[in-house]
Structures are given as structure tokens and as C-alpha cells.
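Colleague: give the three-dimensional model of this entry:
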Amino acid sequence: MVVAGCATTRLPPSRPAPAPAPPPVKPPAPPPSGARTHPYRPPKVARARPQPARAVRVLLERAEDQRRAGDLTAAANTLERALRIDPRNARVWNRLAHVRLAQGRYRQAVGLAAKSKALAGDDAALKADNQRIIARVRAHR
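Modeller: The predicted model follows:
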């Protein structure tokens with residue numbers, strides 16, 4: 001009798017009722033006669049000149065402080081960190097070129113200045129500074 005009390009009868013699993021079909025979608029009503037419609041055109045947005053990321057600006061300031069204090073190795077490390085954040089920032093490449101020049105790493109300074117010059121776009125002052133670095137190294141040889 002104890003064994004019979006534990007036995008249960010299994011019922012077949014119930015299936016949910018099928019979902020009702022969605023109501024048909026009505027096409028939009030035509031515009032009133034004589035009305036003209038125009039396709040949507042998003043508004044034109046003026047492009048702002050991209051500003052360096054805040055982190056890169058902070059790193060540039062720190063590197064300049066380190067350079068002024070005479071710690072060129074720390075300045076180079078800080079600038080390399082800034083390049084990992086923003087590798088297309090011509091100003092960071094330029095500052096690193098100046099540090100390498102001060103360290104006597106002339107070949108690297110020329111390469112960094114050339115990279116900065118290529119990324120400088122229409123910044124004539126930055127391009128001229130890069131050209132001065134390159135000319136200074138050539139005069140040193």
C-alpha cells in the first residue's frame with residue numbers, strides 16, 4: 001500500500017493555445033489632393049574641429065613638466081603613453097621628436113618629426129617646427 005501511494009499518473013504535457021494572428025497593417029493614407037510631400041532629410045550639422053582627448057592634454061602637460069625638470073626618460077615614456085591613446089595626434093609626435101633630439105637620438109628625432117609633419121594637416125606652425133627639427137639634425141651630422 002505504501003508503494004502504491006507514491007505512484008502518480010503522468011498527464012501528457014499541455015500545449016499553449018496558438019497566438020492570434022496580428023491585425024492587418026493599414027497603409028498610410030494618401031496626402032490630401034494638391035498637398036506635396038518631401039522625403040526626410042536630416043539637418044546639416046557643422047563639424048567641430050576635433051579637440052585632443054583630455055587624457056592626452058594632461059599627458060602632454062606632464063611630459064612638458066618632466067622635460068623642464070630634466071627627466072627626459074620620463075617625458076619620453078609619458079609621450080609614448082599619449083601616443084597609445086591618440087596615435088594620430090601630430091603634436092604628441094612633435095613633442096616626442098623634441099625629447100629624442102634632446103637625448104641625442106637624432107635618427108629617431110627625424111623619424112618622429114617626419115611622422116608629425118605627415119599628420120599635421122593644415123597646421124603650418126607645427127609643420128615648420130618639424131622641419132626645423134629635421135634641419136637641425138642634418139646640420140649636426
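Colleague: quick one: contacts of the host helix or strand of residue 111?
Modeller: Using DSSP states H and E, residue 111 maps to helix 106-119. Helix 106-119 is contacted by residues 88-91, 93-94, 96-98, 100-101, 126-127, 130-131, 133-134, 137, 140-141 when judged by C-beta atoms under 8 Å, 6 or more residues apart in numbering. Placement of C-beta: from N, CA and C, glycine included.
Colleague: switch the cut-off to 7 Å
Modeller: 88, 90, 93-94, 96-97, 100-101, 126-127, 130-131, 133-134, 137, 140 (C-beta atoms under 7 Å, 6 or more residues apart in numbering).
Colleague: what's the answer for stretch 129-141, then?
Modeller: So stretch 129-141 is contacted by 94, 97, 98, 101, 106, 109, 110, 113, 114, 116, 117, 120 (C-beta under 7 Å, 6+ apart).
Colleague: just the CA trace of the longest helix seen in the chain, in CSV.
Modeller: The longest helix of the chain (DSSP state H) is helix 124-140. Output in CSV follows, covering the C-alpha atoms of helix 124-140 (Å, rounded to 0.1, in the frame of the first residue of the first chain):
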residue,chain,number,x,y,z
ALA,A,124,51.7,75.3,-40.8
ALA,A,125,53.4,76.2,-37.5
LEU,A,126,53.7,72.6,-36.4
LYS,A,127,54.9,71.6,-39.9
ALA,A,128,57.6,74.3,-39.7
ASP,A,129,58.7,73.2,-36.2
ASN,A,130,59.1,69.6,-37.5
GLN,A,131,61.1,70.9,-40.5
ARG,A,132,63.4,72.8,-38.0
ILE,A,133,64.0,69.5,-36.1
ILE,A,134,64.9,67.7,-39.3
ALA,A,135,67.2,70.6,-40.5
ARG,A,136,68.9,70.7,-37.1
VAL,A,137,69.7,67.0,-37.2
ARG,A,138,71.1,67.3,-40.7
ALA,A,139,73.2,70.3,-39.7
HIS,A,140,74.5,68.2,-36.7
